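Peer 1: Okay, sequence plus prediction incoming.
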Amino acid sequence: MKLWGGRFRKETDTLVNDFNSSIQFDSRLYREDIEGSLAHAAMLADCGIISREDQEKITQGLQGILADIEAGTVSFSTDNEDIHMNVEALLTQRIGPAGKRLHTARSRNDQVAVDLRLYLRREIDEITSQILDLIETVLTQAKRHQATVMPGYTHLQRAQPISFAQHLLAYGEQLKRDVTRMEDCKKRMNRCPLGSGALAGTTYPIDRQQTARLLGFDGPCSNSLDGVSDRDYAIELLGGLSILMMHLSRFAEEIILWCSWEFKFIELDDAYSTGSSIMPQKKNPDVAELVRGKTGRVYGSLMGLLTTMKGLPLAYNKDMQEDKEPVFDAVDTVKMCLPVFTGMLATMRVLPENMRQAAGSGFINATDCADYLAKKGMPFRDAYTTVGNLVYYCTQNGKLLEELCLEELQGISPLFEEDVYEALRLETCMGQRRSYGGPALEETSRQIQELTDFVKERAHA
Ligand code: ARG
């Protein structure tokens with residue numbers, strides 16, 4: 001007979017039983033479920049709603065169940081529907097009537113809401129620490145490559161010279177915001193729904209501040225209907241994870257390009273590459289491709305849960321049981337992607353000569369040539385046109401700007417002097433970009449320092 005069997009005169013259809021149950025996927029909430037129940041029981045006893053003796057029995061019973069689940073000696077059953085009823089049934093089996101008092105002034109609706117928040121709060125900490133590890137690796141590589149010139153691109157066309165450090169640090173900034181998104185999400189998530197009851201609170205003199213405190217929340221959710229109804233915290237997390245994956249996916253895409261023969265800016269370590277079953281020469285960036293690929297399923301989880309929630313009247317509806325699989329899958333996916341991505345980045349070999357060579361063609365110093373003329377007094381728009389003509393001349397004659405002789409240059413503008421060759425050197429072009437946030441050494445050093453401080457402030461394990 002079901003825990004809720006009193007009102008029923010028939011057994012649940014076996015198909016319905018399987019269809020309705022969530023124990024297959026929510027069993028992973030066992031720890032949080034027990035944690036919530038321990039706090040609830042302590043509060044009930046403190047408020048005189050159950051006896052101290054019952055609380056002690058409940059506490060011991062729950063601790064025993066926790067130990068047994070962790071030892072792998074407990075088997076859950078679909079007859080008990082979900083983790084909440086499985087634990088409660090086990091408890092009553094083990095300690096008798098006291099177990100039946102645990103659910104006083106509580107509903108599975110506030111129970112599942114508190115479990116999920118507790119669970120996701122932990123996962124957020126773990127993911128945050130993994131992102132910080134990745135940032136540290138970005139920093140390590142960036143420090144090695146502050147003087148490594150590479151082409152910066154727009155439209156995937158060579159645009160202006162930058163350093164490889166500057167390129168990596170751009171991802172560093174994005175990952176930094178991903179960390180703060182996790183932190184913000186956790187802050188909003190950190191309110192306790194326990195004590196909301198089914199939807200309308202309870203007539204028992206419970207102390208919601210106490211359970212919130214015991215469970216490490218900043219306080220209880222203010223409205224009981226809201227407490228059991230919303231899953232915005234899970235959606236917000238999925239949003240943050242989707243943005244994070246979008247960043248990783250772009251980074252992955254560049255790594256895939258960079259290790260192609262067409263670019264050859266980097267080479268991935270053998271331990272982070274795979275071969276082909278037919279083509280003996282192949283070394284494939286599967287890790288990067290899989291990270292890019294898995295981004296889709298995290299977006300899918302976000303879309304799925306948003307869609308699940310969009311038409312639901314307040315308060316709890318069973319549709320909401322569908323929140324767990326997408327959230328769990330997204331969390332698992334991200335936790336798999338981050339460390340392998342970090343390892344791939346930490347072990348990649350950078351090929352600075354190839355980057356320098358790619359930066360050397362494509363007229364990547366054309367803006368600097370125009371700036372040279374503008375600094376000598378020519379209005380920038382005229383300088384722009386002049387250099388445009390020069391580039392055209394070069395393409396017709398198979399030359400680069402710095403390969404033109406002074407006579408050829410002066411034929412176009414008398415403002416050109418000997419110092420133009422220094423101005424056109426890529427190292428000058430990059431090194432002179434000292435504006436705040438630019439690729440010059442001073443500026444990448446500042447960025448490295450700030451990002452290092454950011455990681456240090458969080459002093460993760
Ligand atoms: N397994 C359910 C879920 O995950 C728990 C809440 C059930 N509440 C209810 N009123 N049926 O949503």
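Peer 2: Sure, I can see it. Numbers count the residues shown, from 1 in each chain.

Peer 1: Now the terminal residues of stretch 263-277, how far apart.
Peer 2: End-to-end distance for stretch 263-277: 24 Å, by Cα to Cα, to the nearest Å.

Peer 1: Tell me how many other residues crowd the residue nearest to G240 when sequence neighbours are not counted.
Peer 2: Once flanking residues are discounted, G240 sits nearest to R181: 4.1 Å by Cβ to Cβ, 6 or more residues apart in numbering. Heads up, the C-betas are built off the backbone N, CA and C, glycines and all. Counted with other Cβ atoms under 10 Å, residues neighbouring R181 total 20.

Peer 1: In the helix or strand hosting R181, which residues are buried?
Peer 2: If you go by DSSP states H and E, R181 is part of helix 164-189. Of all the residues in helix 164-189, those buried under the rule 16 or more other Cβ atoms under 10 Å are 164-176, 178-179, 181-182, 185-186, 189.

Peer 1: ok, now stretch 286-306?
Peer 2: Buried positions in stretch 286-306, judged by neighbour count with 16+ other Cβ under 10 Å: 286-288, 290-292, 294-295, 298-299, 301-302, 304-305.

Peer 1: right, and the helix or strand after the lengthiest helix in the chain?
Peer 2: Looking across the chain with DSSP state H, the single longest helix is helix 108-144. Sequence order places strand 149-154 as the next helix or strand after helix 108-144, per DSSP H and E.

Peer 1: Tell me which stretches of the stretch 301-450 of the chain form strands.
Peer 2: With strands called from DSSP state E, counting those that start in this stretch, the stretch 301-450 of the chain shows them at 349-350.

Peer 1: And for the residue of it found nearest the ligand, nearest residue in space, chain neighbours not counted?
Peer 2: Using Cβ to the nearest ligand atom, the single residue of the stretch 301-450 of the chain nearest to the ligand is Q321, 3.6 Å away. Counting by Cβ to Cβ, 6+ apart, Q321 lies nearest to S22, which is 5.1 Å off, once chain neighbours are set aside.

Peer 1: Would you tell me which residues of this protein are close to the ligand?
Peer 2: Proximity of the chain to the ligand (Cβ under 6 Å from any ligand atom) is limited to residues 22, 26, 82, 108-109, 112, 316, 318, 320-321.

Peer 1: Kindly write the ChimeraX command that selects the buried subset of these.
Peer 2: Typed into ChimeraX, the line below selects the buried ones among the residues of the chain next to the ligand, using 16+ other Cβ under 10 Å:
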select :22,26,82,108,109,112,316,320,321
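
Peer 1: Show me which of the residues of the chain next to the ligand is closest to E267.
Peer 2: D26 (44.4 Å; Cβ to Cβ).

Peer 1: my guess is C259 meets Y272, correct?
Peer 2: No. C259 lies out of contact with Y272 (Cβ atoms under 8 Å); the separation is 10.3 Å.

Peer 1: hey, what's in contact with both of these two?
Peer 2: M348 (Cβ atoms under 8 Å, 6 or more residues apart in numbering).
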